[in-house]
Every structure is written in C-alpha cells, then in structure tokens.
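Novice: Make a model of this:
(2 chains)
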Amino acid sequence: MNVEDLLLQQAAAAVTALYDAQVDEKQLQLQKTRKEFEGEFTLVVFPLTRISRQKPEETAEAIGTWMLENTAAIQAYNVVKGFLNLALTDAFWLGHLQTMRGFSDYGMAQPSGRTVMLEYSSPNTNKPLHLGHVRNNLLGYSVSRILEANGHKVIKANLINDRGIHICKSMLAWQRYGNGETPESSGLKGDHLVGKYYVLFDTHYKEEVAELEAKGIDNETAKKEAPLLKEAQEMLRKWEANDPAIRSLWETMNNWVYDGFETTYRDLGVSFDQYYYESNTYLLGKETVEEGLAKGVLYQKEDGSVWARLSDFKLDDKLLLRADGTSVYMTQDLGTAIERFRQFPDLKQLIYTVGDEQNHHFKVLFLILGMLGYNWAKDCSHLSYGMVDLPSGRMKSREGTVVDADDLVAELDEQAAVATREKGKLEGMSEEELQKLFRMIGLGALKFFILKVDPQRRMTFNPEESVSLNGNTGPFVQYSHARIQSLLRKIPHSMEDAVVTDQTLLAPERSLIALLNDYPRIVKEAGTGYSPALLANYGYDLAKSFNQFYNEVKINDPQSPAAQVHFRLALADMVGRVVKSCMGLLGIEVPDRM
RNA sequence: GGCUCUGUAGCUUAACUGGAUAGAGCACCGCACUACGGAUGCGGAGGUUCGGGGUUCGAAUCCCUGCAGAGUCACCA
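Specialist: Okay, here's the model as predicted:
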C-alpha cells in the first residue's frame, strides 16, 4: 500500500474511533504539506468538523493524537488552523526509498490491457512543417509515451492529407515554373522544394487577380475566375478521374515531401506506428453516408446534397456530401474513424491531437458517429491545443510568415553548441558525440519550453528569446542529471551496501524522498489529463530540490560515516533515474555529461 | 449576433480541480560556496489573480454580469 492510502485509512479509522462515524472519501482531503510548514502530508479537516461538531483546531488535534498513537510510520504532527500536518519517521522514509529503488521501472503502471490510438501531426503535403506542427508533434509524442507509462498499448497514427486543391496548386506551379527541378538538382529538402512552389502559385495567382481587377472586375469574381485557379481545379478533377500523368506527378512530388517529413520527424525525435492517407480514406466515408441516408439518420436536400441534422444539439446542420456527390473533410473523417475501429477491433480509445480551431469540427464528428449508431463514438476524444503565434502575429504559410521546423532545429543546435562549448565539460568527446549532445540540449530546451505550458493555452513564441537554457528549462533538468552522473562516476561506491535504515534525515533529504514518492501519482495524473505539463513541472521540482540538497550537503565528506555517503549516493542515483524517466515521457533525453 | 476558449508580478508561467501568507523562472538588486560540476544555491524587490457582484468556514478556481483578446458557426482542410 502506498503512503497516501495508509494515511487516509488511518484518518478514517481515527474519525470512526473518535466520533463513531463513517466518512466517505470526499471528506478526507490529503495533500502535500507546503514548504513553510513541518511535515510531509496534510489532512484538511474542515470537511470533518460537521462530524466532529468541534472547532477545526480541536478536530485536527484529536485526529492527530489518535493517528500518532496508532500509526507506527508517523513521527509527529502539528496543527495550523484546520490543517493537520503529519511528519513521517526517518525509518519509514528510508525503507520507502529502498522500496522505490527496487523497481526497475519505478513509476510505470502495470499493463492495463487497453489499446489506444493517438493521432497526431497530420500534415498537408504541400509545404514543410512549421512551428505549429512542432507543438502538435511534441505534444502528441509525449502523450503517447505517457499513455504507455500508464500501461496502455498505444498506436501512434499519422493521417496525411495528401490530396485536394492545395496539393494541385503546388503541382501546377511546379509544372509551369519548375523547369524540372528536383530535390537532387536543387539540393533542397523535398518538402521545402514543394513548399516553394506552393508560395509561387500564390504569388502568380495574386498577380492574375490584380490584372483582372485592373480590367474592372470586382475582387470576389476575380478571385474565382483567375486562370491559375481554374487550372488547379481542372487538375483536381483529373486527379479524381485517375488521369495517369497527373497521378504520376502527384506521386513524385508527394514522395519528395515524405522524404523531407521523415527527416524532420527524426530530427524532432518523434515516430509513428500507422500512416493513413486521405487519398485512400476519403472514399470510405461516402458509403457510410449512403448507409446513414438509407437508415433515415441523415437527410437529403432537393439538390441531392446529404446532411446531418444537428438541431437537437443546438448546432447548425452539417453537410456530408455535396450535390455533385463529392465528399468534404467531415466525410473522410467519418470513414477514417470507422476504418480504424475495424482494423483494430480491440481499440478502446481514439484520440485526435489537433489544434483548437477544430474544436467544433470534432464535436460534430463525434456526434454524427454516435447518430450513425457506432457506440464507440463515446470513446473518441479531441486533444485540443492552442495555436502558436509569433510576436508579429499569426503565422501564415501562404505568405511565408512561418517559423520553419527545420530552421528552428538548426538554430537550436547552434545555440546549444555555443552555450555548451562555453560552459560544458566536454574533454575527450568526439565531434560526433558533441553534435549528438548539442541536439539533445537544443531539443531539450525546445520541448520543455513548449510542453511545460498547459496545451489549452495559446502561446506566443519568440524564436530569439523564447528558448532559454537557464532557470525553469530543459537544460536545467538535464544539467542536474549530468551532475548526478558525475557524482556517481567520481565517488567510489557500490550500490549494494547502500541499504541503510538508521540514518537521521536532514530536511532536504526528506523532501527529496517525499518528492520521489510522488512520481507514480504524477504519471497517473498526466495520463488521465493528457498533460505533459505536469511531468515537466515535476521534473523541474525534482531537479531543483536535488540542487538544493547538493548545495547544502557535502556528499563525499570525509567526516561522514561510509554508510551515510552511500545512502546519499543511493538517493542521488534514484533522483537521476526518475529525472531520466520523467524527461523520457516528454521525449527529452538526458546526458551523462554536458 | 450565437456558441466555445483565454485573461495571474514588466515578460514566460504554476497552483494537487474549492484549501494555509497565490508558487516558480527570466530580467533587476544583493549575497554564498574555492568544489562531489557556478547551466548552482540563498535573499531582496515586484500581485486589487481583467473589473463588479454572489455562493461559504475558505474563491485565481464555482455562479451571475461587464470588459478585452482569440477561435468557430464554410459545399476549405
């Protein structure tokens, strides 16, 4: 049994013994004791005063006395207003440290038997990945790791939007202005090459619109009638009709993009188990809609278009098939979801990591799936996150005002290299090891910076200023880990003789052990709340507490008994393990030296 | 206009989902340690938690209301 449950059980027993009453869990609030007070756990007794019919202080005093007498692990208690602070014995904490050290995968939950699919990234193939995708990728990947830590089997899915008018725009511009340029001939990364033509399309398209307007045509008409757009639309029709030449060009250019994406994903340290392509899935939704129509769940308008009626949910009706029978975004999402549950019959949950601009879309998607009779619709959820803005405002791909993902990684490598060459302990490291280290630190800074913020929050990202290496940052946590490994390297020891139970603990030692005790709970909460931020904050707290301990206590003090040195090393070792595990759940690696 | 989300120190943010004197980092000022790693630690200053009501032992958190920003309500994805 864990400490918290033990204390809760004893508190309940105390209430029964003292007041002859039962309490339910809601009334027993146990929290961590705030730093300014003595103790490690605090029972909030305000809710219990109804039972005790006494003042909060008297109630706390009575329960404290009873618990102290009846619980071996409790060393002392104190009462502040309605708060009963409990301090556990050194022997208890030392024993508990041993227990924690005994787990090879401390903090990880037992297998749950649940299979969960987590979709993230989901890029378009007409342009390179940018800062917005970076947040998506880091969030999705981290949540997948967290869910695994909670014992679930996770399928990481990427839905690639590889068809549509925007793809045709890049293709058309390349045909017109590309002169056969390829990634090989230009030396450009494939996704960047294609993105270049997407921007080029927009430039020429705007020119055409301006020309038409000069002839006295109004803006709205000009936008619709510009020859380039007409031609792109024609290209899309040909694509849908399986025109061999168009399909061939489409495949070629998409493959350039996929190569580019793979590089970016690898650089970011994220990966996928399943890829889905809209060019395959967009047809799947159509038959579903036809079935829904036949069953009378959906309805058809006079022009032949098919709709879902959502007035019962106080939402506007949603179009699912156009009058000409072609599908929309929602149609293919219906098909994709159904396909996934068919493909993985034991799927218990489907989570979509998508920006909050699509909150409404997913609300509607899940409603329609439910209307169509799929009872797993309740197992679908939208992991929504806020957009990333630049100081200059919102990013716009077409206008080229984006922070490119590859540029960002390169910039971080550079910053990490400068700082590390200046401050680091790098003697004897090969150039290859150094590059790996710089990447680790640069990415550590970026990932921590992005993941420590609650996903729901919109964030402003200043590329020059945002990513710092000091304070509440990834490198700070990484540094603490390197420092611990340095200790373990330099001080002779054997972990076997670190079994110690008769130490007198100093305050920073107690709080470190108590903090280690929190880890499994944090992992669990991060899992239910899909919240990497909880782990980032925990990792920072742990690293900070370790540094406080380190500054206060000289571990390899010749005055200290060997047993004490060994105990402190064992403590440091355990902190290092948990730091590594915790950062791992954020997708952040930690170095042994830096 | 309807619906949804957000608003916390100059900046970036936390608060165990209603608990103690709102906690950190950056920047600013001042200290510590001559080492087991200074990418550190300690202290100072900085807050009407957007404003106004309400609920209760207790509100950044819940309810009402106003203000500001964003998203969405597309036969774009």
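
Novice: What are the boundaries of the strands in chain A?
Specialist: Along chain A, counting by DSSP state E, strands occupy A:29-32, A:41-44, A:74-80, A:83-88, A:115-119, A:153-160, A:274-277, A:299-300, A:306-308, A:318-321, A:347-355, A:380-385, A:388-389, A:459-460.

Novice: just how off-centre is the longest one within its chain?
Specialist: The gap between where strand A:347-355 is centred and where its chain is centred comes out at 12 Å by C-alpha atoms, centre = their mean, to the nearest Å.

Novice: now the fourth one
Specialist: A distance of 35 Å separates the centroid of the chain from that of strand A:83-88, by C-alpha atoms, centre = their mean.

Novice: does any bit of that strand sit next to RNA strand B?
Specialist: Yes: legend: contact between strand A:83-88 and RNA strand B by C-beta under 7 Å from any atom of the strand is shown at A:83, A:85. For every residue, glycine as well, the C-beta is placed using N, CA and C.

Novice: Centre-most residue in chain A?
Specialist: Note on chain A: the residue nearest the mean C-alpha position is A:Leu139, at 2.6 Å, using C-alpha atoms, centre = their mean.

Novice: That residue and A:Tyr120 touch, don't they?
Specialist: Yes: between A:Leu139 and A:Tyr120 a contact is recorded at 7.0 Å, counting by C-beta atoms under 8 Å.

Novice: Quick check: neighbours shared by those two?
Specialist: The contact sets of A:Leu139 and A:Tyr120 overlap at A:Thr353 (C-beta atoms under 8 Å, 6 or more residues apart in numbering).

Novice: which outside residues touch stretch A:531-550?
Specialist: For stretch A:531-550, contacts defined as C-beta under 8 Å, 6+ apart pick out A:139, A:142-143, A:146, A:448, A:451-455, A:472, A:476-477, A:479-481, A:483-484, A:508-509, A:511-512, A:515-516, A:518-519, A:522-523, A:525-526, A:572, A:575, A:578-579, A:582-583, A:585-586.

Novice: do stretch A:345-361 as well
Specialist: Against stretch A:345-361 from outside (C-beta under 8 Å, 6+ apart): A:114-122, A:132, A:136, A:139-140, A:143, A:155, A:329-330, A:333, A:337, A:340-341, A:362, A:376, A:379-387, A:456, A:458, A:530.

Novice: make it 6 Å
Specialist: Contacts to stretch A:345-361, defined as C-beta atoms under 6 Å, 6 or more residues apart in numbering, come from residues A:114-120, A:136, A:139-140, A:341, A:379-384, A:386.

Novice: got it, and stretch A:86-95?
Specialist: Identification of contacts with stretch A:86-95 by C-beta under 6 Å, 6+ apart yields A:38-41, A:73-77, A:501, A:505, A:513.

Novice: Reformat the residues you listed as a markdown table; add pLDDT and distance to A:Thr59.
Specialist: Shown next, in a markdown table, are those (pLDDT from 0 to 100; distance: C-beta to C-beta, whole Å):
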| residue | pLDDT | distance to A:Thr59 |
| --- | --- | --- |
| A:Glu38 | 89 | 19 |
| A:Gly39 | 92 | 17 |
| A:Glu40 | 94 | 21 |
| A:Phe41 | 95 | 17 |
| A:Ala73 | 94 | 22 |
| A:Ile74 | 95 | 17 |
| A:Gln75 | 94 | 21 |
| A:Ala76 | 95 | 18 |
| A:Tyr77 | 95 | 13 |
| A:Thr501 | 67 | 34 |
| A:Leu505 | 91 | 30 |
| A:Ile513 | 95 | 29 |
